[in-house]
Each structure stands twice: as structure tokens, then as C-alpha cells.
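Novice: Okay, here's the prediction I keep looking at, along with the sequence it came from:
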Amino acid sequence: MAPACPHGILAISLATKDLAVARRRGAEMTMMSEEIAIQIKEGRLSRADATTLLKAVARKHVKKLDSIARVDLSRWRYRHA
């Protein structure tokens with residue numbers, strides 16, 4: 001995850017070149033970052049906590065997508081064996 005950028009922008013690598021995967025990861029990260037921004041504004045969450053939370057969400061989502069990809073690949077191999 002990249003550090004916070006000027007003007008309150010946060011840059012995050014989605015760690016993929018696959019457009020479909022990037023769209024799914026991006027959607028979840030956008031949803032979480034909007035909620036986190038609200039919590040920071042209201043003083044309920046520090047920037048350090050926000051960074052930690054976003055990293056955790058990203059890791060969880062990557063694991064989920066990897067699991068789905070493994071199942072899809074297994075099904076494809078089974079059908080084409």
C-alpha cells in the first residue's frame with residue numbers, strides 16, 4: 001500500500017494486471033475507503049488505524065479471489081480432462 005498522498009488521496013496497488021480482478025478489488029476498496037473517510041472526519045478513526053484497516057481488507061479480498069480462482073481452475077481442468 002502506498003503512503004497517503006497530498007490532498008487526502010490514498011494510492012493503493014491492486015496487485016494485478018487482470019482488469020476483471022482489478023475491478024472487483026477496486027470496488028471493495030472504494031467502499032471501505034469511503035466508510036473509513038467518514039470515520040476519520042468524525043474523529044472515530046486515526047489515519048494509522050485507517051491504513052491498517054485498508055491493508056487488512058485488501059489482504060482478505062485477495063485471499064477470497066485467489067480461492068475463487070483455484071475453484072474455477074479446478075472445475076475447468078475437470079471439464080477439459
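Specialist: The structure has been received and is ready for your questions.
Novice: rest of the way, CA atoms for contacts and neighbours
Specialist: Noted.
Novice: so what does the helix or strand where A56 lies touch, helix or strand wise?
Specialist: Here A56 sits within helix 47-79, counting by DSSP states H and E. Contacts defined by 3 or more Cα pairs under 8 Å, 6 or more residues apart in numbering; DSSP states H and E place helix 47-79 against helix 19-41.
Novice: Can you give me the buried ones in the helix it packs on?
Specialist: Neighbour counts over helix 19-41 (16 or more other Cα atoms under 10 Å) mark V21, R25, G26, M29, M32, S33, I36, A37 as buried.
Novice: cool, and stretch 51-67?
Specialist: Residues of stretch 51-67 classed as buried: T51, L53, L54, V57, A58, H61, V62 (neighbour count, 16+ other Cα under 10 Å).
Novice: secondary structure class for S13?
Specialist: coil (DSSP: H, G, I helix; E, B strand; the rest coil).
Novice: ok, so what distance separates the most centrally placed residue in the chain from R75?
Specialist: What sits nearest the mean C-alpha location of the chain, by Cα atoms, centre = their mean, is A58, with 3.3 Å. Computed as Cα to Cα, to the nearest Å, the A58 to R75 distance reads 26 Å.
Novice: same thing with L14?
Specialist: The value you get for L14 to R75, if Cα to Cα is used, is 26 Å.
Novice: So for these two, which residue has more residues nearby?
Specialist: Between L14 and R75, counting by other Cα atoms under 10 Å, L14 is the more crowded of the two (17 against 12).
Novice: Identify the residues contacting the more buried one.
Specialist: Listed by Cα atoms under 8 Å, 6 or more residues apart in numbering, the contact set of L14 reads A22, R25, G26.
Novice: What is the nearest of those residues to S46?
Specialist: Using Cα to Cα, G26 comes nearest to S46 of those, at 22.3 Å.
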